[in-house]
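Peer 1: Test case, fold it:
(chains A and B)
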Protein chains: 2
Amino acid sequence: MRVLIIGGVAGGASCAARLRRLDEHAEIVLIERGPFVSYANCGLPYHVGGVIEQEQSLLVASAATLRAQLALDVRTGCEAVAIDAAARRVTLREVASGATRSESYDALVLAPGAVSVRPPFPGIELPGIFALRTVPDARAMRAWIERDGPHVAAQRRGRAVVVGGGFIGLETAENLARRGIATTVVELLDQVLPPLDRELARIVEERLRAHGVELVLGDGVAAFERGADGALTVSTKAGRALPADLVVLALGVRPDTALAKAAGLAIGERGGIRVDAQMRTSDPHIYAVGDVVQERDTVTGDAALVALAGPANRQGRIAADAIAGRKSAFRGAQGTAIVGLFGLAVAWTGATEKALRRRGESDYEKVYLHPGSHAGYYPGAKPIALKLLFRKSDGKLLGAQACGEDGVDKRISALAAFLQMGATVYDLEEAELCYAPQFGSAKDPVNLAGMIAANTLRGDLPLAHWAERGEGLLLDVREASEVEAESVPGAVHIPLGELRARLSELPREREIHVFCRSGQRAYLATRLLLQRGFRARDLSGGVLSRRHLLA
Amino acid sequence: MRVLIIGGVAGGASCAARLRRLDEHAEIVLIERGPFVSYANCGLPYHVGGVIEQEQSLLVASAATLRAQLALDVRTGCEAVAIDAAARRVTLREVASGATRSESYDALVLAPGAVSVRPPFPGIELPGIFALRTVPDARAMRAWIERDGPHVAAQRRGRAVVVGGGFIGLETAENLARRGIATTVVELLDQVLPPLDRELARIVEERLRAHGVELVLGDGVAAFERGADGALTVSTKAGRALPADLVVLALGVRPDTALAKAAGLAIGERGGIRVDAQMRTSDPHIYAVGDVVQERDTVTGDAALVALAGPANRQGRIAADAIAGRKSAFRGAQGTAIVGLFGLAVAWTGATEKALRRRGESDYEKVYLHPGSHAGYYPGAKPIALKLLFRKSDGKLLGAQACGEDGVDKRISALAAFLQMGATVYDLEEAELCYAPQFGSAKDPVNLAGMIAANTLRGDLPLAHWAERGEGLLLDVREASEVEAESVPGAVHIPLGELRARLSELPREREIHVFCRSGQRAYLATRLLLQRGFRARDLSGGVLSRRHLLA
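Peer 2: Numbers count the residues shown, from 1 in each chain, chains lettered A, B, ... in the order given. The predicted model follows:
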């Protein structure tokens, strides 16, 4: 059996390695356009920033290792330029020489990845404008920073403009700022991290700005120009002129389907190669894995493009299984992701509210909470801003997003496990996670999220939300000192401890929207009021959520 | 409705608070023998060590707060001395005055917790011998350390002996060592952390010793004596004489069932109060929650005593639900726990191999692995020693244990979520956890554990284990430099990269037990050998596991 694999990074390399483990006798040819196979593209921004100092560190497995240990026929600097599906042949071209040759296959795996979106902005080819997808990209950017770019004008700080506020853009911005470069991020949407719900993105934006990264939101690039001094100017649609010694294009990626399209393979509605659960394309001898395919979103069931390393690796394994005659199946992707920025982590799994709304869903509810990363009585706990989305009709978990300096990856990983297993918020109530005072709380944030959600579904805790609460008397049950520090206009103030004695001050005909700092006292107050015959709702997340929901 | 709750810490306080939220009109009396309600007993060792400097920090909610916010009738310094179940009355006694009174109830909740095991060792009443269950215990120990104990002989370092190597004993030992006190732990078993499998405990023991804590394993206390200079001597059964200025008894706890027994309530086979899923005892008006009850182990189905704050809190809520006429049910406890010691975390969830063996189970398999806490190409990754137990017949996850400096709580929390939801190792293969290079890997340790386990169950990766491998040729596929640094006696050495060329050196009639450093290369070698007609098994966990399995 002869298997050609086009693309030697995450999905392709995983497929090749798995296939060798399943079939010692197959001829496996791994073809990679660039100079390296199996490199860590998720580490590229950190190589630019110097956190990962050696380029060598990014090379997870060298071609030599893959040859020696896995007996793979690894060909770097080689690209596939055409597929003859009927004849089961691929035309390969040596990048250096341009020489082409045709090779046969029994099975072909397409793992070319994605290409950076690169709109035809005037000036986009100017020197100093970079993308960041490959090791050579990172090498070029480092060389520019160290030799050419910010040193053009040695009397001032280097300046960079990052175009695109997705996670690669922001990671790159952090790493440029870390090198002392004055960095501005330009993002067309009115928030960074477009997949995330806006109120969570607001927390990230605060952090970026606090570390000197300028954000230009709701504006896009119009053109790039280069002045007489060699410096670039980024002109935006809104008329800004941003000076830059370095520009990074991080406008996202799209599946690299050129080869597949030319071969007549079916392309899905989202623009990725259409595959079945065994990663087989519309041609039974051709498989596709990684960023080039479109997959099923496990929560919504919709087609999705998920350009993440984890699913790519799983797909590579599954294609190898299929080629070796095994029947494993890709379950789809739930889109778990995390980004670390200036000590803050933001992570999510499953559906966002944005995605649910886009689908026209109304059978969902959300809760906000702000628990500590561990027990408050042990020093060093950090708040976690957590948003949980769940189905109103049956309590099924739909998604979660969290942001904070500590313990965010842990909670979203646990919630990702629950989501994968079809858990409800009632399961989260009963979760038994790790607790010792340095690591968690007897009631972990995951438990608390489940409890609040379950209280809501059981009818014990009617919710209101700051940005969509309609009419209602605002009741602030915090202590006087807290109100003094951050007051909410128009709110009646009765501290929780005085509430039973001061019920006569509250109206019975009007809905009361109760809040405190984060939600615990408002919950108690809401329960009290409901049982005393008032119409009360808890403003989910308290003033801590208000800041970002109304920002 | 009048509800008396005996015991005002985790389970009792949770029950009272939940009940108030469900029933604004009930009369709720919270009775606590000690001076404080709702305090953080898990923080006591850290208060002794000065990590939590202020005693006030341990008081999660004061009696005054509970009165003001929840309208609870809180009575500290008050204990229950008798229950008249037929008359639904309890006799209460003021600890200070000794005055007793009888009070009626509609529902009674017993949450007295556990008492420290305190064998009748000669000299156990001597000054300088402490337990650590309450805030006053911690206060007394701190006062002794600061004034009396280690200062008896000011010319030398203070010395402490901790009797019992369970997690409270070890946390206390760490905190005493942190205060500069020379600390010895005496444990009757041949390992610390008795619930844990021994090979994982070995890693903890190494860490303790590396930080100067002496361990006396497999030996127990015979007697305590006090010398003329005021210093104590701990005599052991094996004849040791350990000098000490301070002794801490941490021999574990047993349910405080005196009151329940006297009232004729049913006690279970493990010695805890027997309750149903609504936490109702054999008397329909009496509930019990927390360390005093015995519960169902969710993995084995056996009765268990789980003295942990998380389950206690959940039980308190469930008893409140039942009293308020709601039907929630306690699902049992899976025994998730974590301990942090000198920068090392050790955590576990579900069944240990020890527990499975004790039950006579044979339908299980285990894998060991040593992945990094995050991507190896990003600086600062720390190894995690992970042991996964799963059912051979259907792949169901049974339990997991992990040890390391980073990311242990995250992986065991995710695995705890999977275990709760009845996941199989095939689900772990497909897990989609948080990955960015600072936080994880494209193949997370949870994925890797699932993949190895699934490979084993599919027959692709026959396993052997170092301590029980029987006959077999040892084949070391590491590089020469690694073998030089740590050789394994009797092993044939062929680096993986040379294996295909040197197959003729290996016997075909004999089973070959393949190993490398942690398992990845041995897996490749095992697959290669199996497909080339050899009888091969992978020695799970490689030399990294060998160290602790044969120690």
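Peer 1: Could you tell me the model confidence score at A:G149?
Peer 2: At A:G149, the pLDDT value in this model is 54.
Peer 1: tell me which parts of the stretch 101-250 of chain A are close to chain B?
Peer 2: Within the stretch 101-250 of chain A, the positions near chain B by Cβ under 8 Å from any Cβ of the partner chain are A:F167, A:E171. C-beta: built from backbone N, CA, C; applies to glycine.
Peer 1: Please, where are all the helices along the stretch 101-250 of chain A?
Peer 2: Taking DSSP state H, counting those that start in this stretch, the helices of the stretch 101-250 of chain A run over residues A:135-143, A:167-178, A:198-210.
Peer 1: A:A303 is in contact with A:E269, correct?
Peer 2: Yes. Between A:E269 and A:A303 a contact is recorded at 5.8 Å, counting by Cβ atoms under 8 Å.
Peer 1: Please identify which of the two sits among more neighbours.
Peer 2: A:A303 (16 against 9; other Cβ atoms under 10 Å in any protein chain shown).
Peer 1: Which residue is the nearest non-sequential neighbour of A:I83?
Peer 2: A:A263 (3.8 Å; Cβ to Cβ, 6 or more residues apart in numbering or on different chains).
Peer 1: where do the strands sit along the stretch 251-400 of chain A?
Peer 2: With DSSP state E, counting those that start in this stretch as the criterion, the stretch 251-400 of chain A has strands at A:253-255, A:273-274, A:286-288, A:293-296, A:303-304, A:337-341, A:344-350, A:365-369, A:384-390, A:397-404.
Peer 1: and of these, who's closest to chain B?
Peer 2: strand A:337-341 (3.9 Å; Cβ to the nearest Cβ).
Peer 1: Please identify the pairing partners of that closest one and their relative orientation?
Peer 2: strand A:344-350 (antiparallel) (DSSP bridges).
Peer 1: quick one on the thing from earlier: with distance to B:I203 and mean pLDDT as extra columns, can I get the strands of the stretch 251-400 of chain A in a markdown table?
Peer 2: Output for the strands of the stretch 251-400 of chain A, formatted as a markdown table (distance: least, Cβ to Cβ, whole Å; pLDDT from 0 to 100):
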| stretch | distance to B:I203 | mean pLDDT |
| --- | --- | --- |
| strand A:253-255 | 42 | 95 |
| strand A:273-274 | 46 | 98 |
| strand A:286-288 | 42 | 98 |
| strand A:293-296 | 39 | 96 |
| strand A:303-304 | 41 | 94 |
| strand A:337-341 | 28 | 97 |
| strand A:344-350 | 27 | 98 |
| strand A:365-369 | 35 | 98 |
| strand A:384-390 | 29 | 98 |
| strand A:397-404 | 29 | 98 |
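Peer 1: Could you dump the ones you listed into TSV and include distance to A:R510?
Peer 2: Putting those into TSV (distance: least, Cβ to Cβ, whole Å) gives the following:
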stretch	distance to A:R510
strand A:253-255	51
strand A:273-274	55
strand A:286-288	59
strand A:293-296	47
strand A:303-304	44
strand A:337-341	42
strand A:344-350	36
strand A:365-369	23
strand A:384-390	28
strand A:397-404	32
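Peer 1: so which of the ones you listed gets nearest B:P45?
Peer 2: Ranking the strands of the stretch 251-400 of chain A by distance to B:P45, with Cβ to Cβ as the measure, places strand A:384-390 first at 25.1 Å.
Peer 1: Spit out the contact partners of the residue positioned nearest the centre of chain A.
Peer 2: In chain A, the centroid-proximal residue (Cα atoms, centre = their mean) is A:A337; its distance is 4.2 Å. Applying Cβ atoms under 8 Å, 6 or more residues apart in numbering or on different chains, we find A:A337 in contact with A:F167, A:P195, A:L308, A:A347, A:W348, A:T349, B:C434, B:Y435, B:A436.
Peer 1: Contacts only, for the third one.
Peer 2: Applying Cβ under 8 Å, 6+ apart, one finds that A:L308 lies in contact with A:A333, A:G335, A:T336, A:A337, B:Y435.
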